[in-house]
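S.K.: could you work out the structure for the sequence below:
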Amino acid sequence: MTNSVGLPPDLDALTILESTTDCVCVIDRDWRIAYMSRRASVETARGREFVGLVLWEALPEIGASAFGRAYRQAMAEGVPTEAEEFYPPLDAWFSANAYPLPDGIMVFFRNINARKQSEAALRASEERFRELFRTLNQGIVFHDRHGNIIDANPAAGHILGLSLDELRSSRHSGDRRWRAVDGEGRELPPAKHPSVMALSTGRTQHDCVLGIFNPLLDERRWLLVDAIPQFRLGEATPYQVYTLFSDRTDQRRAEIALRESEAHLSRAQRVAAIGSGEIDFSNGSWKWSDETYRIYGLDKATFVISAESIAAMVHVEDREYFGASVEAARRGITPPTIEYRIARPDGQIRTVARECELTRDESGAVIGVIATTRDVTELRAAQRQREELQEQLLHAQRLDALGTLAGGIAHDLNNTLVPIIALACLGRDATRAGEPLHADLLTILQAGLRAQELVQKILAFSRKETAEPALFALASVLREALGMLRAGVPSSICIDESLADIPPIHGDPGQIHQVIVNLITNSAQAIGPRPGTITVTLDLAAIGAAPAAQLAITDTGCGMDEATLSRALEPFFTTKGVGEGTGLGLSVVHGIVASHHGTMQIQSRTGQGTSVTIRLPLAPPGPEPAAAVERKSNE
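M.R.: A predicted model of the protein is given here:
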């Protein structure tokens with residue numbers, strides 16, 4: 001190709017120009033377009049019709065544009081120039097580079113719409129990031145590779161209470177208040193700061209809790225921090241790191257208050273022995289408080305709560321209504337307050353009281369139940385003990401009333417017996433044996449003496465009779481009484497005795513004699529006509545820490561059931577037929593034992609006989625009191 005510019009007709013050079021990705025145009029010194037590459041023709045949408053035309057005539061818009069100015073400068077000064085501008089006729093952005101030639105200039109230009117769009121998108125993205133950086137309520141701080149703060153957003157300054165200049169300075173480093181602490185309140189070494197860790201390890205540090213002093217608020221604020229290292233392409237070491245953090249002070253305070261509230265509730269439940277629980281019917285989940293686990297004796301870490309696992313702990317006799325209350329709640333019926341027994345893993349049987357309340361959603365549908373659980377084992381035991389004490393008090397009051405009544409009856413009966421016995425004695429002495437009247441008088445006298453003996457028993461029961469206490473050997477009184485009783489006991493009954501010689505006791509030997517007679521007589525009557533054995537033992541024992549004599553009388557008689565045994569000490573209570581007993585035997589024995597500061601225990605089972613064990617305190621060492629014991633009557 002030959003032209004006025006002197007372009008060499010070199011086919012290889014033209015091939016190169018045609019193959020370049022830029023559009024190529026050659027302009028001579030007369031501003032004629034001497035050459036336009038195929039890509040340039042396509043880009044300008046005019047083909048090669050511009051070749052041979054003057055540039056300013058072919059493309060008049062270029063004259064006043066940045067491109068025209070660049071072309072003139074290259075032509076005039078012989079230096080490369082460049083320009084970049086939007087070209088309205090083609091509705092596109094172009095960049096152009098003009099290079100001087102000996103007889104003109106060569107222009108390389110290209111469509112840069114795609115680049116401009118990318119740049120615009122990048123600028124928009126940067127602006128969005130900058131706006132986000134400015135308005136984000138989380139703090140963002142950038143650190144260079146040395147850990148120095150190079151930028152921070154306004155939220156960071158607000159959260160930390162410092163300006164960017166103050167953040168960049170180190171003027172607060174000597175004040176311990178400015179030193180960060182970890183989530184436990186321990187001072188955090190600088191090397192452990194999340195930003196430093198991210199720089200040194202190249203790994204992101206997530207969810208780090210830091211306590212930072214805020215000088216504006218004059219208090220420590222708690223932050224949740226992420227530190228993210230940033231790398232340049234091909235580099236393994238971060239060139240900077242940014243920390244993203246939020247103020248969690250209010251949340252932390254709320255969590256602390258919640259923990260304190262839960263701890264307070266747990267302590268209150270533990271003191272009151274009241275636990276709580278909740279069932280969510282939507283997913284079948286159960287939740288228990290710590291006190292509920294304690295009441296059931298379970299380990300919270302290992303026990304899996306379910307209806308089946310709880311029911312397995314409930315006493316077999318209580319399971320039916322325990323399960324029925326849960327089913328009632330599922331049907332929307334508030335379960336009644338119930339008490340049931342549980343068998344704890346340690347073997348203890350505890351009594352538990354439970355109260356329930358249904359939970360409902362906004363529509364009123366039942367979605368679960370919340371319950372309180374209270375250990376009432378000790379309460380129920382105390383109630384039973386109180387009832388027993390009340391029963392004993394009533395029993396003692398009845399005994400006291402009966403004693404008063406018995407004393408009055410004995411007084412009147414004794415006044416009635418005195419003339420009867422006296423006149424019977426006079427009549428007996430005035431008549432001879434064999435006479436009918438003599439025999440009748442003897443009968444009257446025997447009846448009067450028997451009645452007088454009954455009066456003595458009543459007086460002993462009512463404590464109207466007084467006697468001088470004395471030291472005496474209990475074994476001697478026992479041998480004397482047994483010697484007398486053997487003659488009146490049927491031969492089918494064997495009396496075995498094992499009497500140890502023990503120190504003396506202090507009391508009324510006559511009353512103790514009556515105790516032995518009453519008990520042996522009761523045992524003989526319990527055995528009846530059939531063969532049997534009465535075993536009498538005397539040995540040392542103790543009442544509390546004090547030494548005592550223990551007298552035990554055991555028989556092989558018919559025994560007593562629980563109902564009879566519970567009333568055995570009641571005055572006038574007897575299981576014997578009319579005329580066979582007064583019902584004062586055991587009650588008199590109990591009164592005598594109590595007056596001697598002793599204890600009495602009765603054990604009996606139907607068909608297995610009865611055992612009465614009496615313990616009487618031994619006399620303390622010292623001089624023997626008056627030995628004579630005189631029975632006196634108040635009447």
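S.K.: other SSEs contacting the longest helix anywhere in the chain?
M.R.: Ranked by residue count and defined by DSSP state H, the top helix of the chain is helix 377-430. Judged by 3 or more CB pairs under 8 Å, 6 or more residues apart in numbering; DSSP states H and E, the packing partners of helix 377-430 are strand 349-360, helix 436-462. For glycine as for every other residue, the C-beta is placed from the backbone atoms N, C-alpha and C.
S.K.: hey, where'd the strands end up in the stretch 451-600 of the chain?
M.R.: Counting by DSSP state E, counting those that start in this stretch, the stretch 451-600 of the chain has strands at residues 470-472, 493-499, 505-507, 532-543, 546-555, 599-604.
S.K.: could you export those as TSV, including mean pLDDT?
M.R.: Shown next, in TSV, are the strands of the stretch 451-600 of the chain (pLDDT from 0 to 100):
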stretch	mean pLDDT
strand 470-472	88
strand 493-499	91
strand 505-507	90
strand 532-543	92
strand 546-555	93
strand 599-604	90
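S.K.: and among those, the most buried is which?
M.R.: Neighbour counts (mean count of other CB atoms under 10 Å) averaged over each of the strands of the stretch 451-600 of the chain peak at strand 505-507, with a mean of 22.
S.K.: centre of the chain to that strand, how far?
M.R.: Relative to its parent chain, strand 505-507 has a centroid offset of 58 Å by CA atoms, centre = their mean, to the nearest Å.
S.K.: packing partners of it?
M.R.: strand 470-472, strand 610-617.
S.K.: hmm, who's touching the longest one?
M.R.: This means strand 610-617. Strand 610-617 has contacts (CB atoms under 8 Å, 6 or more residues apart in numbering) with 474, 505-507, 512, 515, 519, 522-523, 526, 541-543, 546-555, 557, 559-560, 589, 593, 596-604.
S.K.: what do you get if the cut-off is 6 Å, keeping everything else the same?
M.R.: Residues outside strand 610-617 that contact it (CB atoms under 6 Å, 6 or more residues apart in numbering): 505, 519, 541, 543, 546, 548-555, 559, 593, 596-604.
S.K.: confidence score at the nearest residue to E61 once chain neighbours are set aside?
M.R.: Excluding the flanking residues, the one nearest E61 by CB to CB, 6 or more residues apart in numbering is P89, at 5.6 Å. Model confidence at P89, given as pLDDT, is 87.
S.K.: for P89, grab phi and psi.
M.R.: phi -60, psi -30 (degrees, to the nearest 10).
S.K.: cool, D508 as well?
M.R.: According to degrees, to the nearest 10, D508 has phi -110, psi 110.
S.K.: that one: how many residues sit nearby?
M.R.: 21 (other CB atoms under 10 Å).
S.K.: what separation do you get for it and A382?
M.R.: Separation of D508 from A382 (CB to CB, to the nearest Å) stands at 39 Å.
S.K.: do Q550 as well
M.R.: 32 Å.
S.K.: what residues go with each domain of the protein?
M.R.: Domain segmentation of the chain under automatic domain parsing yields 3-116, 136-247, 255-375, 381-462, 470-633.
S.K.: show the contacting residues for the spatially most central residue of the chain.
M.R.: Closest residue to the average C-alpha location of the chain: D290 at 0.5 Å, with CA atoms, centre = their mean. By CB under 6 Å, 6+ apart, the residues touching D290 are S266.
S.K.: for it, give me phi and psi.
M.R.: phi -60, psi -40.
S.K.: which pLDDT value belongs to it?
M.R.: So D290 comes in at 88 (pLDDT).
S.K.: same deal with T575?
M.R.: The per-residue pLDDT reported for T575 equals 62.
S.K.: got it, and P469?
M.R.: 81.
S.K.: and L160, by the same measure?
M.R.: 88.
S.K.: and K116, by the same measure?
M.R.: Looking at K116, its pLDDT stands at 90.
S.K.: okay but it is in contact with A92, surely?
M.R.: No: counting by CB atoms under 6 Å, A92 is not a contact partner of K116; they are 8.9 Å apart.
S.K.: the two: which is more packed in?
M.R.: Taking other CB under 10 Å, K116 and A92 do not tie; K116 has more neighbours (16 against 13).
S.K.: how close does that one sit to F86?
M.R.: 8 Å.
S.K.: who touches both of these two?
M.R.: Going by CB under 6 Å, 6+ apart, residues that sit against K116 and also against F86 are W93.
S.K.: hang on, the earlier thing: in TSV, list the helices and strands packed on helix 377-430 along with mean pLDDT, distance to Y321 and mean neighbour count.
M.R.: Below are the helices and strands packed on helix 377-430 laid out as TSV (pLDDT from 0 to 100; distance: least, CB to CB, whole Å; neighbours: other CB atoms under 10 Å):
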stretch	mean pLDDT	distance to Y321	mean neighbour count
strand 349-360	89	11	16
helix 436-462	72	48	17
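S.K.: out of the ones you listed, which gets nearest to A45?
M.R.: strand 349-360 (75.9 Å; CB to CB).
S.K.: quick check: next helix or strand after that closest one?
M.R.: Downstream of strand 349-360, the next assigned helix or strand under DSSP states H and E is strand 366-375.
S.K.: may I see the buried residues of that following strand?
M.R.: Across strand 366-375, burial judged by 16 or more other CB atoms under 10 Å covers V366, G368, V369, A371, T372, T373, R374, D375.
S.K.: stretch 91-101 too?
M.R.: W93, F94, S95, A96, N97, A98, P100, L101.
S.K.: and which of the residues you listed is nearest to A311?
M.R.: W93 (80.7 Å).
S.K.: how far away is A180 from E388?
M.R.: 67 Å.
S.K.: the helix or strand D226 falls within packs against which elements?
M.R.: Element membership for D226, per DSSP H and E: strand 219-230. Secondary-structure packing of strand 219-230 (3 or more CB pairs under 6 Å, 6 or more residues apart in numbering; DSSP states H and E): helix 194-201, strand 205-214, strand 240-247, helix 249-272.
S.K.: the inter-axis angle of the first one versus strand 219-230?
M.R.: Yep, that's helix 194-201 we're talking about. Relative orientation of helix 194-201 versus strand 219-230 (axes from the mean of the first three to the mean of the last three CA atoms, to 10 degrees): 20 degrees.
S.K.: which residues touch helix 194-201?
M.R.: Here helix 194-201 has contacts from H143, G147, Q205, C208, V225, A227, P229, P238, V241, T243, using CB under 6 Å, 6+ apart.
S.K.: ok, these vs V107, which is closest?
M.R.: P238 (45.3 Å).
S.K.: next up, the contacts around that closest one.
M.R.: So P238 contacts L199, G202, P229, Q230, F231 (CB under 6 Å, 6+ apart).
S.K.: just send the domains of the chain back as CSV, with distance to L122 too.
M.R.: Listed next are these as CSV, based on distance: least, CB to CB, whole Å:
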stretch, distance to L122
domain 3-116, 10
domain 136-247, 17
domain 255-375, 43
domain 381-462, 82
domain 470-633, 99
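S.K.: lowest mean pLDDT across these, which one is that?
M.R.: When I compare the domains of the chain, domain 381-462 is least confident, with a mean of 77.
S.K.: follow-up on the earlier one: give me the more crowded residue out of A180 and E388.
M.R.: Neighbours of A180 and E388, each counted by other CB under 10 Å, are more numerous for A180; the result is 19 against 10.
S.K.: I'd like the distance between that one and T334.
M.R.: Taking CB to CB, one finds A180 at 54 Å from T334.
S.K.: and if you look at S566?
M.R.: Going from S566 to T334 by CB to CB gives 41 Å.
S.K.: just H143 next, same as before
M.R.: Here H143 is placed at a distance of 62 Å from T334 (CB to CB).
S.K.: those two: who's more crowded?
M.R.: It is H143, of H143 and T334, that has more neighbours when counted by other CB under 10 Å, with 23 against 13.
S.K.: distance of the more buried one from A424?
M.R.: 128 Å.
S.K.: how about Q251?
M.R.: Counting by CB to CB - Q251 and A424 are separated by 105 Å.
S.K.: same check, this time on R128
M.R.: For R128 relative to A424 (CB to CB), the value is 133 Å.
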